[in-house]
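In: this is a predicted model, with the sequence first.
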Amino acid sequence: LDNKGIATVKDSEFIDNDASDFGNGGAICNTGAITVANSTFFGNSARYGGAIANGGTLTLKDSTITGNFADIHGGGIYTYGGGTTKLMSTVVTGNIPDNIATAP
C-alpha cells in the first residue's frame, strides 16, 4: 500500500509482501496520514521498513508487527523525514535488524 493521502486500514493482514526492489515499506509506505487498526504484519521485507516505512503520520492501534525484515533499518517500522509514529496497544517484536528505527 503506497499512501500519499489519508487512509484507514482495519482488520487486515499484511503477509509476505516484498518491496526490496523498490526500497521502502514492504507492506505500507506512507507519506500521508494513515491509521491502521486490528491488523497483523508478518514476513514482509524491504530495504527500509520491512513492514512499514513512514514519512508522514502513522497511528497503529491493537496491531501486531513481528517477523519482518529490512536490509538496512526498521525491520518492523522505519520512520524518516520528520514523520511521526504513534503506537497504541500494538506489539512490535522479533523484526530484523531492529524493531523500530528513526532517521532525521
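Out: Perfect, thanks for sending it.
In: need the pLDDT of I96.
Out: Per-residue pLDDT puts I96 at 97.
In: which residue, neighbours along the chain excluded, lies closest to it?
Out: G75 (4.5 Å; CB to CB, 6 or more residues apart in numbering). Where you see a C-beta, it was placed from the backbone N, CA and C, and this is true even at glycine.
In: how far away is that neighbour from D11?
Out: Distance, G75 to D11, by CB to CB, to the nearest Å: 24 Å.
In: higher neighbour count, those two?
Out: Legend: neighbour count by other CB atoms under 10 Å for G75 and D11, higher for G75 (30 against 9).
In: where in the protein is the helix or strand with the lowest mean pLDDT?
Out: When the helices and strands of the chain are compared on mean pLDDT, DSSP states H and E, strand 2-3 comes out lowest with a mean of 84.
In: which other residues reach it?
Out: Strand 2-3 is contacted by residues G25, I28, C29, N30, T31, G32, I34, G56 when judged by CB atoms under 8 Å, 6 or more residues apart in numbering.
In: if we use 10 Å, what do you get?
Out: Identification of contacts with strand 2-3 by CB atoms under 10 Å, 6 or more residues apart in numbering yields 9, 19, 22, 24-25, 28-34, 53-54, 56, 58.
In: partner strands of the helix or strand where T35 lies, with direction?
Out: Secondary structure assigned from DSSP states H and E places T35 in strand 33-37. Applying DSSP bridges, strand 33-37 is found paired with strand 6-10 (parallel), strand 57-61 (parallel).
In: what about that strand, distance to the chain center?
Out: The chain centroid and the centroid of strand 33-37 are separated by 10 Å under CA atoms, centre = their mean, to the nearest Å.
In: buried residues in that strand, which are they?
Out: Residues of strand 33-37 classed as buried by neighbour count (16 or more other CB atoms under 10 Å): A33, I34, T35, V36, A37.
In: ok, so of those, who is nearest G67?
Out: The closest of the buried residues of strand 33-37 to G67 turns out to be V36 (CB to CB; 16.9 Å).
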